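Novice: Would you be able to build a 3D model of this:
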Amino acid sequence: MGTWLASSASSTSTAPSHSKRMAYPKSDITLNLKDHYSSKVYTSLSPVTGDLTITTKREVRFDSIQILLLGNTKTTFEGMSAPQEVTHTFLKMTMPIPESTYPVPRVLESGRTYTIPFNFVIPSQLTINACNHDRLSDAMQDHHVQLPPSLGGGWQRDDMAPTMARVEYTIKARVVREDSDRKTRIMEATQTLQVLPATPEEPPLNITDKDHLYRMSKTKTLRKSLLSTKLGRLTAEALQPGAAILSPDARRVMSHPMARIKLSFDPASPRTLPPTIISISAKVTAHTYFSSGTIASFPNLGEWNAPYLLDRRGQFFASTALPSVTLAEQPAWTPRSTTPLSRRDSGYGGSDHEAAPLSSDKGQTRTSSSPVSHTATIAVPLSLPTDKKTFVPTFHSCIASRVYTVQLTVHLGTGGSVGLVVPLQVAVDGASITTTSSLSTDGGPVVVSREEFTGSGLGGLPSFEEAAADEHLRPRVLYVPGEDVVGEREGRGSWMLAAGGEAQTADRGGLPEYGETGWRRRV
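Specialist: I've put the predicted structure just below:
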């Protein structure tokens, strides 16, 4: 609870610039955060403690004092006469101040300094009331109730965000006076926080031909020169890399992702060798999507720039190069036969049963003059330059989103290249979280693991999800029935009913259906 402390010492802090519009410009109100500095980064369950000091030069009558932790997403669009700004408040936490702690009468005396302590904790997830938009899928609804990171300013390094999309976390204090039906802010102070919430690693995306942001495979015909005959056809296919796990302050990468490129070369003649791989270059691109209305679907999938009648949309991207990879030795090409396999006569078929020719993925018959194809796999490490840029985690909020792509270019010895574009998720490590529920011997916060915090680690009780998964993965035993249970058709039917009906029904009865306790969507 808040406690008032008054002293006769006056503060020498400079009044904020916006105090010129206040009723009493000579009064001073200051927010002092404990252990705070300009580059400090707060994450999930981080405590935000401090005190509010108020000093007045004259007696000021007031009715209430508010101390808030606010989270706002702001998008800006060009208007006819002035820019139009849309603000969505997804987080609003109020520090309770008991009525008994206010001075009686409610007057701030001249020359005295009043101190009010406050304490907040950055939540790990928003409430369901933070997003009440309709027509959202379950996956998108889950993203909208996760905390977005600070975006668009305040970072020491460029976060590759435009000025048209911002996510801000602030501590705001107000001294309010009520006159009839109007409330007047007598004094106000604001302190901005940089927040990087812990985010889990998401499963790979289901990329289709309609998702034009990505290019997971590409086929190129190789030639020595423009007018020469073709050497063959090279197909490059990329696998989606894992997530880049950042530290809670985003200053280092805890887990570096690895991109893998599968190469397949179909030579024009059996004597043609696979192409030489000179190097592989990569660059990461940050895509920021913003809208004046609700983003109901994933903006990186499908057509983001499709015309909308009610909402205004925008997109901004910025790229930075990654260290190129020069191969010390050529990849190991593995030859494989492309000749159609002939089925050996088993004695049950006639001469009419011929082996069907192998077909490609597009359903067309493979036509190659060479009976041999070569395959190879190249691993490309992706090292994010956290010393030059600030990589905020991938997020999808109500009116703003951030995703990343990596463009991989394979440079060939024939002079050409093959380019691919793969998705890259950036997440923030949440293995160690700080909680104030338990204190160390010196009174400071204790860092505990997530398993210890949730009780699902060693020595803790399993969760409902773990119990349901264990029941689902429980081994089943199938055995051959003995002679005593094998009889006539009626006997066989009754045995099948007894063994396959009741037993299997009992097994299925222990499994939770989708939507029940063990498999319910997170809210």
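
Novice: from what I can see Phe395 touches Thr199, true?
Specialist: Yes - Phe395 lies in contact with Thr199 (C-beta atoms under 8 Å); the separation is 7.2 Å. Backbone N, C-alpha and C define where each C-beta goes, glycine included.

Novice: Mutual contacts of the two, please.
Specialist: Listed as contacting both Phe395 and Thr199 by C-beta atoms under 8 Å, 6 or more residues apart in numbering are Gln146.

Novice: neighbour-wise, which of the two wins?
Specialist: Thr199 (26 against 21; other C-beta atoms under 10 Å).

Novice: So the more buried one is in contact with Gly430, correct?
Specialist: Yes - counting by C-beta under 8 Å, Gly430 is a contact partner of Thr199 at 7.2 Å.

Novice: Domain ranges for the chain, per the record?
Specialist: Here the domain parsing of the chain from automatic domain parsing is 5-195, 217-339+362-428, 462-523.

Novice: can you give me the strands for the stretch 251-400 of the chain?
Specialist: All strands of the stretch 251-400 of the chain, identified by DSSP state E, counting those that start in this stretch, fall at 253-255, 258-267, 277-291, 313-326, 334-337, 372-381, 395-396, 400-412.

Novice: Give the pairing partners of the last one; include direction for each.
Specialist: This points to strand 400-412. As defined by DSSP bridges, the strand partners of strand 400-412 come to strand 277-291 (antiparallel), strand 395-396 (antiparallel), strand 417-424 (antiparallel).

Novice: quick check: angle from it to strand 258-267?
Specialist: Relative orientation of strand 400-412 versus strand 258-267 (axes from the mean of the first three to the mean of the last three C-alpha atoms, to 10 degrees): 40 degrees.

Novice: do the same with the fourth one
Specialist: Interaxial angle of strand 313-326 relative to strand 258-267 (the same axes, to 10 degrees): 70 degrees.

Novice: Show me what the mean pLDDT comes to for strand 313-326.
Specialist: Over the span of strand 313-326, the pLDDT mean works out to 93.

Novice: which strands and helices sit next to it?
Specialist: Other helices and strands packing on strand 313-326, by 3 or more C-beta pairs under 8 Å, 6 or more residues apart in numbering; DSSP states H and E, are strand 277-291.

Novice: Buried residues in the strand it packs on, which are they?
Specialist: Neighbour counts using 16 or more other C-beta atoms under 10 Å place Ile277, Ile280, Ser281, Ala282, Val284, Thr285, Ala286, His287, Thr288, Tyr289, Phe290, Ser291 of strand 277-291 among the buried residues.

Novice: and those residues as JSON lines, adding pLDDT?
Specialist: Converted to JSON lines, the buried residues of strand 277-291 look like this (pLDDT from 0 to 100):
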{"residue": "Ile277", "pLDDT": "93"}
{"residue": "Ile280", "pLDDT": "95"}
{"residue": "Ser281", "pLDDT": "95"}
{"residue": "Ala282", "pLDDT": "96"}
{"residue": "Val284", "pLDDT": "97"}
{"residue": "Thr285", "pLDDT": "97"}
{"residue": "Ala286", "pLDDT": "98"}
{"residue": "His287", "pLDDT": "97"}
{"residue": "Thr288", "pLDDT": "97"}
{"residue": "Tyr289", "pLDDT": "96"}
{"residue": "Phe290", "pLDDT": "95"}
{"residue": "Ser291", "pLDDT": "93"}
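
Novice: and which of those is nearest to Leu108?
Specialist: Set against Leu108, the nearest of those by C-beta to C-beta is Phe290 (41.6 Å).

Novice: Mind checking the strands paired with strand 400-412 for the one nearest to Arg251?
Specialist: With C-beta to C-beta, the closest approach to Arg251 among the strands paired with strand 400-412 belongs to strand 277-291: 17.0 Å.

Novice: quick check: angle from that closest one to strand 372-381?
Specialist: With the same axes, to 10 degrees applied, the angle from strand 277-291 to strand 372-381 works out at 60 degrees.

Novice: then strand 277-291 to PDB, C-alphas only?
Specialist: Taking C-alpha atoms only, strand 277-291 is exported to PDB below (Å, rounded to 0.1, in the frame of the first residue of the first chain):
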ATOM      1  CA  ILE A 277      29.600 -23.400 -54.700                       C
ATOM      2  CA  ILE A 278      31.700 -20.300 -54.100                       C
ATOM      3  CA  SER A 279      29.900 -18.700 -51.100                       C
ATOM      4  CA  ILE A 280      26.600 -18.100 -49.500                       C
ATOM      5  CA  SER A 281      25.500 -14.600 -48.500                       C
ATOM      6  CA  ALA A 282      22.600 -13.700 -46.200                       C
ATOM      7  CA  LYS A 283      20.700 -10.700 -45.000                       C
ATOM      8  CA  VAL A 284      18.000 -10.400 -42.400                       C
ATOM      9  CA  THR A 285      15.000  -8.100 -43.100                       C
ATOM     10  CA  ALA A 286      12.700  -6.700 -40.400                       C
ATOM     11  CA  HIS A 287       9.100  -6.300 -41.600                       C
ATOM     12  CA  THR A 288       6.800  -4.000 -39.600                       C
ATOM     13  CA  TYR A 289       3.100  -4.100 -40.400                       C
ATOM     14  CA  PHE A 290       0.700  -1.500 -39.000                       C
ATOM     15  CA  SER A 291      -3.000  -0.700 -39.500                       C
END
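
Novice: Averaged pLDDT, stretch 226-245. What do you get?
Specialist: 90.

Novice: what comes up buried for it?
Specialist: Result for stretch 226-245 [16+ other C-beta under 10 Å]: buried residues 231-236, 238, 240-245.

Novice: How far does that stretch stretch from one end to the other?
Specialist: From its first residue to its last, stretch 226-245 covers 44 Å (C-alpha to C-alpha, to the nearest Å).

Novice: quick one: contacts for the nearest residue to Gln315 once chain neighbours are set aside?
Specialist: Leaving aside its sequence neighbours, Gln315 sits nearest to Tyr289 (C-beta to C-beta, 6 or more residues apart in numbering; 5.5 Å). With contact taken as C-beta under 8 Å, 6+ apart, Tyr289 is in contact with Ile295, Pro299, Asn300, Trp304, Arg313, Gly314, Gln315, Ala400, Ser401, Arg402, Val403.

Novice: Return the closest of those with respect to Ile207.
Specialist: The closest of the contacts of Tyr289 to Ile207 turns out to be Asn300 (C-beta to C-beta; 9.7 Å).

Novice: any idea how far the closest one is from Gly153?
Specialist: As for Asn300, its distance to Gly153 is 23 Å (criterion: C-beta to C-beta, to the nearest Å).

Novice: the more surrounded of these two?
Specialist: Legend: neighbour count by other C-beta under 10 Å for Asn300 and Gly153, higher for Asn300 (21 against 13).

Novice: thought that one was touching Ser401?
Specialist: Yes - if you go by C-beta under 8 Å, Asn300 and Ser401 touch, sitting 7.4 Å apart.

Novice: Just the helices from the stretch 1-150 of the chain, written as ranges.
Specialist: For the stretch 1-150 of the chain, helices defined by DSSP state H, counting those that start in this stretch occupy the ranges 138-144.

Novice: all strands for it, in order.
Specialist: Using DSSP E, counting those that start in this stretch, strands in the stretch 1-150 of the chain cover 5-7, 28-33, 41-42, 47-55, 60-61, 64-77, 84-94, 107-108, 113-121.
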